[in-house]
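**Q** model this:
(one chain, ligands or ions: 1)
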Amino acid sequence: MQVLLADEYGFCFGVERAVEMVEEAVAAGDTVRSLGPLIHNDQEMERLAGQGVSTVDDPNQISSGETAVIRAHGVTPQVQRDLEEKASKVVDATCPFVTRVQKLAARAAEEDRHVIVVGSPDHPEMIGVKGYAPEHAFIIKDETEVQSLPRLRRPLVVSQTTIKAKTFFDTAEAIKTKTDDEVQVVNTICSATRDRQDAARALAGEVDAFYVIGGNHSSNSRKLLSVCKEQCEKSFLIETALEINPADLVGVERVGVTAGASTPKWLIDEVISKLEEIGKMKESASAN
Ligand code: F3S
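**A** A predicted model of the protein is given here:
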């Protein structure tokens with residue numbers, strides 16, 4: 001049985017960078033507190049907890065002598081200042097793609113322009129971005145919310161990093177009805193999610209079974225599963241190698257593997273080893 005990995009899988013650049021920054025702080029002997037869960041993966045959070053990394057919900061829960069971590073989603077400038085006041089050290093793991101959105105919003109606000117961010121208003125990334133242009137920014141989910149906007153002044157339109165391109169461009173187009181000024185549209189969507197889906201789709205047509213490794217509550221992992229299922233009926237979403245049922249692999253010659261953007265490499269390696277082990281058992285059973 002051949003085990004094939006999708007071309008793009010697992011940690012995106014921003015999450016990998018955040019985990020590395022936390023591990024560096026741990027290695028330096030720091031007591032590390034992440035403001036909000038560093039990543040949406042229970043197993044990885046447990047592993048980090050074993051290294052003394054804990055999660056807090058509020059900067060006030062951080063004591064002096066501790067190291068505070070800003071996760072990849074970023075925070076508002078006010079929350080950053082609160083962390084700097086409370087903690088001895090702040091590790092800023094804001095994904096550089098998110099920093100770009102924050103800077104664009106801040107600059108437009110300085111120029112007294114309106115900023116429209118297309119995304120979910122209650123997503124931590126959006127709350128952080130709004131903090132960079134509190135008086136000038138509006139966050140809207142999609143084009144259906146454009147009508148609720150006031151008349152706009154030289155608007156800048158940017159996006160949450162993880163939304164769909166169609167939603168963004170349709171909304172940007174609709175925003176033109178809200179101003180007589182020129183609309184500046186800057187596409188700030190990150191390609192990590194789409195790259196993983198495209199790679200899974202390409203592989204799903206070539207295999208007899210597919211394992212997507214990711215949290216059950218992770219929307220990007222569930223989306224990967226539905227992409228795989230379109231072409232490979234035997235597609236499964238699993239969190240760890242323990243969930244692989246060898247009975248599902250009877251008659252399977254090629255099995256595909258991918259993982260959501262919050263799935264660490266060590267969990268992926270465990271799944272691959274388990275599949276290879278099952279493959280060897282199948283081989284020796286058929287030889288006997
Ligand atoms: Fe950054 Fe894209 Fe990941 S914005 S955190 S690399 S999904």
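
**Q** Around the ligand, pick out the residues from the stretch 151-288 of the chain.
**A** Proximity of the stretch 151-288 of the chain to the ligand, by Cβ under 6 Å from any ligand atom, involves residues 161-162, 190, 192, 261. For every residue, glycine as well, the C-beta is placed using N, CA and C.

**Q** Pick out the most distant pair among the residues you listed.
**A** The most widely separated members of those are Thr161 and Ala261, with 11.0 Å between them, by Cβ to Cβ.

**Q** Measure how buried the residue of the chain found nearest the ligand is and give me the count.
**A** Closest residue of the chain to the ligand, Cβ to the nearest ligand atom: Gly14 (2.4 Å). As a burial measure, Gly14 scores 24 neighbours (other Cβ atoms under 10 Å).

**Q** SS state for it?
**A** Here Gly14 is recorded as helix under DSSP: H, G, I helix; E, B strand; the rest coil.

**Q** Compare Thr161 and Ala261 (neighbour count), which wins?
**A** Applying other Cβ under 10 Å to Thr161 and Ala261 shows that Ala261 carries more neighbours, namely 28 against 25.

**Q** What residues does that one make contact with?
**A** 10-12, 15, 192-193, 196, 220 (Cβ atoms under 8 Å, 6 or more residues apart in numbering).

**Q** of those, buried ones?
**A** Among the contacts of Ala261, those buried by neighbour count (16 or more other Cβ atoms under 10 Å) are 10-12, 15, 192-193, 196, 220.

**Q** picking that back up, next, format the contacts of Ala261 as TSV and append pLDDT and secondary structure.
**A** Formatted as TSV, those follow (pLDDT from 0 to 100; DSSP: H, G, I helix; E, B strand; the rest coil):
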residue	pLDDT	secondary structure
Gly10	95	coil
Phe11	94	coil
Cys12	94	coil
Val15	94	helix
Ala192	92	helix
Thr193	88	helix
Arg196	94	helix
Asn220	83	helix
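
**Q** Which parts of the protein are helices?
**A** For the chain, the helices defined by DSSP state H occupy 13-27, 42-50, 77-86, 96-110, 124-130, 165-175, 192-204, 219-231, 265-287.

**Q** Summarise which helices and strands the fifth one is packed against.
**A** When you say that, I think you mean helix 124-130. helix 96-110, strand 115-118, strand 137-140 (3 or more Cβ pairs under 8 Å, 6 or more residues apart in numbering; DSSP states H and E).

**Q** just those: most buried one?
**A** Sort those by mean neighbour count, taking mean count of other Cβ atoms under 10 Å, and strand 115-118 sits at the top with a mean of 27.

**Q** list the helices and strands that one packs on?
**A** Using 3+ Cβ pairs under 8 Å, 6+ apart, strand 115-118 sits against helix 96-110, helix 124-130, strand 137-140, strand 156-159, helix 165-175.

**Q** got the ones you listed as CSV, with mean pLDDT and distance to Gln231 columns?
**A** As requested, these are exported to CSV (pLDDT from 0 to 100; distance: least, Cβ to Cβ, whole Å):
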stretch, mean pLDDT, distance to Gln231
helix 96-110, 98, 30
helix 124-130, 97, 31
strand 137-140, 98, 34
strand 156-159, 97, 29
helix 165-175, 96, 22
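
**Q** Can you add distance to Thr67 and give these back as TSV?
**A** TSV is the format used below for the helices and strands packed on strand 115-118 (distance: least, Cβ to Cβ, whole Å):
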stretch	distance to Thr67
helix 96-110	20
helix 124-130	20
strand 137-140	30
strand 156-159	31
helix 165-175	36
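
**Q** Relative to Ser54, which of the ones you listed is closest?
**A** Comparing the helices and strands packed on strand 115-118 by Cβ to Cβ, helix 124-130 comes nearest, at 17.9 Å.

**Q** wait, does that closest one contact the ligand?
**A** No - Helix 124-130 lies out of reach of the ligand by Cβ under 6 Å from any ligand atom, never closer than 8.1 Å.

**Q** Over to stretch 111-123?
**A** No - figure legend: stretch 111-123 not in contact with the ligand (Cβ under 6 Å from any ligand atom); closest approach 11.8 Å.
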